[in-house]
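1. would you be able to build a 3D model of this:
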Amino acid sequence: MEEAVDEGRARQLGISNFYRLEDVRWAYEHSRIKPRVVQNRFYADSGHDVEIRSFCKEHDIEYQSFWTLTANPDAYRHQSALDLAEEKALTPEGLFYAFCMAIGISPLDGTTDEMHMKEDVELMNRIREGEQIFANAEELAIVGNALGTPDWNAEDEL
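-> Numbering: from 1, shown residues only. Prediction:
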């Protein structure tokens with residue numbers, strides 16, 4: 001694959017479905033052209049990739065999540081998250097995407113509903129343009145704590 005970058009057939013490389021930090025680290029350390037993206041399922045069984053996402057931040061690697069909503073309904077349907085979504089005039093799903101983006105995740109949107117896609121893209125653009133959905137770490141922690149990830153800490157994520 002590195003040849004594809006060398007020849008201009010690809011601009012960057014990425015890896016997907018790497019759920020052990022040692023595997024991500026090995027791929028990074030043993031590649032001439034470093035991966036620019038890690039694309040993983042964002043779910044509880046992997047501990048929401050806390051260590052992998054930290055490695056990605058340290059090495060300027062984009063972390064992309066898939067299965068983001070499907071795997072985490074308990075987080076965005078938690079009553080405190082529902083209350084916050086209503087306060088922010090967002091859907092619960094929109095609040096969860098905003099949460100992901102606030103902690104450095106690029107969520108991949110898998111909806112096939114045109115209206116939902118437009119809403120999601122609009123929200124993501126607002127965030128990329130600098131809008132702050134979460135006023136502080138406490139608001140961010142409402143969603144983060146609902147994930148149920150052991151030792152989740154809003155301050156570590158920012």
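2. SS state for the residue lying closest to Ile105 once chain neighbours are set aside?
-> With Cβ to Cβ, 6 or more residues apart in numbering as the criterion, Ile105 has its nearest non-adjacent residue at 5.0 Å, and that residue is Ser65. No exception for glycine: its C-beta is placed from N, CA and C like everyone else's. At Ser65 the chain is in strand, as set by DSSP: H, G, I helix; E, B strand; the rest coil.
3. please look at Ser65 and Gly104 and confirm they touch.
-> No: taking contacts as Cβ atoms under 8 Å, Ser65 lies outside contact range of Gly104: 10.4 Å.
4. so which of these two has more stuff around it?
-> Set Ser65 next to Gly104 and count neighbours by other Cβ atoms under 10 Å: Ser65 wins out with 23 against 14.
5. and after the lengthiest helix in the chain, which helix or strand comes next?
-> The single longest helix within the chain, with elements called by DSSP state H, is helix 114-128. Downstream of helix 114-128, the first helix or strand assigned by DSSP states H and E is helix 137-147.
6. show me what that next one is packed up against.
-> helix 73-76, helix 79-87, helix 92-102, helix 154-157 (3 or more Cβ pairs under 8 Å, 6 or more residues apart in numbering; DSSP states H and E).
7. and the next helix or strand past the longest one?
-> Tracing the chain past helix 92-102, the next element assigned as helix or strand by DSSP H and E is strand 105-107.
8. outside of that following strand, which residues touch it?
-> Strand 105-107 is contacted from outside by Phe42, Arg53, Glu62, Tyr63, Gln64, Ser65, Thr68, Tyr97, Cys100, Met101, Met124, using Cβ atoms under 8 Å, 6 or more residues apart in numbering.
9. report the buried residues of the lowest-mean-pLDDT helix or strand in the chain.
-> When the helices and strands of the chain are scored by mean pLDDT, DSSP states H and E, helix 154-157 comes last with a mean of 72. Using 16 or more other Cβ atoms under 10 Å as the test for burial, helix 154-157 gives Ala154, Glu157.
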